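Trainee: pasting the sequence and the predicted coordinates here, then a few questions.
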Amino acid sequence: MTTELSSKEPKTVQVLDRALKILSFIASKPQPLSLHDIAVCTGLHPSTVHRLLWNLADHGYAERDQNGCWRLGFKYLEYGHLVRDRLDVREKALPLMQVLYEKTGETINLSMRRGDFMMYIEHVYAPQTGVRLARQVGAMAPLHCTSGGKLFLSEMSPEEISAYIARTKLQSRTEYSIQTAEKLIVTLGRIRELGWADDIEELEPGIQCIGAPIRDGQGRIIAAITIISASSMPRKPEWTRHLLSASAAVSASMGWLGTRG
C-alpha cells in the first residue's frame, strides 16, 4: 500500500500545482478570461485547462459566465470571510478602529503584510467618502507606497531592504511614490524615530494616510492601523496621537508590553 500511494503522489501533486496555477492567474486579472487565454498564459494544454476548470467549478472555486469566460467562484468569498473573521488581530483591533473613526470621522483600515505587499483585511469607513478601490478589503498595495507597508520596511535589515528594492524596482503608483533607494532609506530612518508612518498621495492621488504598527508578544509588527483621508489632514498631530494610542492598545491585547527603545 505504501508503494501504491507513493507512485500516485507525484501525479496528484502535479494536478494540484496546475489547478493552483490556473486559479492564481485568474485571480491576477480583474476581468473574466477565456479558456484560450488561460491556456496560453499558463503554458498548459487547453484540454488540461478545460478539465481542471470544470472540476474547480463543480466545487465552487471557478465560475463560467454567460460569455463562456472564467472567473473565481463564490467559494473564495465564503473562505475570505472565514479567514478574516478568524484573524485574532482583526478581532482585537476592530473595537479600537471604531473608536478611531468616531474621533476622526475618517476611514480606518487594518492591513497585514503579504510578501512585498500589504493586504487590507478590515475597515471602518466614513460614508461621505466611501472606501477607495485601492484599499478595499482584500486589495493589495506595494509596501513602499503605503504607510503600513513602510512600517514593515522600517524594521527590515539593510540586506532585506536592498533585496526588496531589487525585486520591486520601487515601481510607482503615483508621481509622489518613492522611486529611489536613497529616498526610501531616508524615509525609513524617519519612521524609526517617529514610530509611525504616512503616505501622502503615494498610492492614490488625493488620498493621505497615517499608519501605526500592531505588535505581537515578541514585539514583531504583525499588522498596521491606518487613518485614510481625502483632506490635507489639518488635525494630523491630534489624529496621530489617537492612532498611536489605539495601536498600542491593540498591541497590548496581542501580548506586547514593551516600548520602542
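Mentor: Ah, there it is.

Trainee: tell me which element the residue most central in space within the chain is part of?
Mentor: The chain has residue 119 as the residue nearest its centroid, 0.9 Å off, counting by Cα atoms, centre = their mean. Per DSSP states H and E: residue 119 is located in strand 117-124.

Trainee: what segments of the chain are helices?
Mentor: Along the chain, counting by DSSP state H, helices occupy 2-27, 35-42, 46-58, 75-85, 88-104, 147-154, 158-168, 181-194, 236-253.

Trainee: and those: which comes nearest residue 123?
Mentor: If you check each of those against residue 123 by Cβ to Cβ, helix 88-104 wins as the nearest, at 7.8 Å. C-beta here means a position set from N, CA and C on the backbone, and glycine is covered the same way.

Trainee: what angle separates that closest one from helix 236-253?
Mentor: Relative orientation of helix 88-104 versus helix 236-253 (axes from the mean of the first three to the mean of the last three Cα atoms, to 10 degrees): 150 degrees.

Trainee: I figured residue 27 hits residue 72, correct?
Mentor: Yes. With contact defined as Cβ atoms under 8 Å, residue 27 reaches residue 72; the gap is 5.9 Å.

Trainee: looking at the two, which has the bigger crowd around it?
Mentor: Each of residue 27 and residue 72 has its neighbours counted (other Cβ atoms under 10 Å); residue 72 has more, 17 against 11.

Trainee: you'd agree the more buried one is up against residue 60?
Mentor: No. Between residue 72 and residue 60 there is no contact under Cβ under 8 Å: 9.7 Å.

Trainee: what sits against residue 42?
Mentor: Contact analysis of residue 42 by Cβ atoms under 8 Å, 6 or more residues apart in numbering lists 18, 21, 22, 25, 49.

Trainee: quick check: closest non-adjacent residue to the fourth one.
Mentor: In this structure, residue 25 finds its nearest non-sequential neighbour in residue 42, 5.4 Å apart by Cβ to Cβ, 6 or more residues apart in numbering.

Trainee: then residue 155?
Mentor: Nearest to residue 155 is residue 221, by Cβ to Cβ, 6+ apart, at 5.9 Å.

Trainee: can you name the residues bridging to the one you found?
Mentor: Residue 221 has these beta-bridge partners by DSSP bridges: residue 215.

Trainee: how far away is residue 174 from residue 146?
Mentor: For residue 174, the distance to residue 146 equals 12 Å [Cβ to Cβ, to the nearest Å].

Trainee: and residue 25, by the same measure?
Mentor: From residue 25 to residue 146 the distance is 25 Å (Cβ to Cβ).

Trainee: ok, these two, which is more surrounded?
Mentor: Higher neighbour count among residue 25 and residue 146: residue 146, with 32 against 17, using other Cβ under 10 Å.

Trainee: what pLDDT does the more buried one get?
Mentor: Listed pLDDT for residue 146 reads 96.

Trainee: can you check the one 4 residues further on too?
Mentor: If you check residue 150, the pLDDT there is 98.

Trainee: and it, how far is that from residue 230?
Mentor: 20 Å.

Trainee: nothing else from me, thank you.
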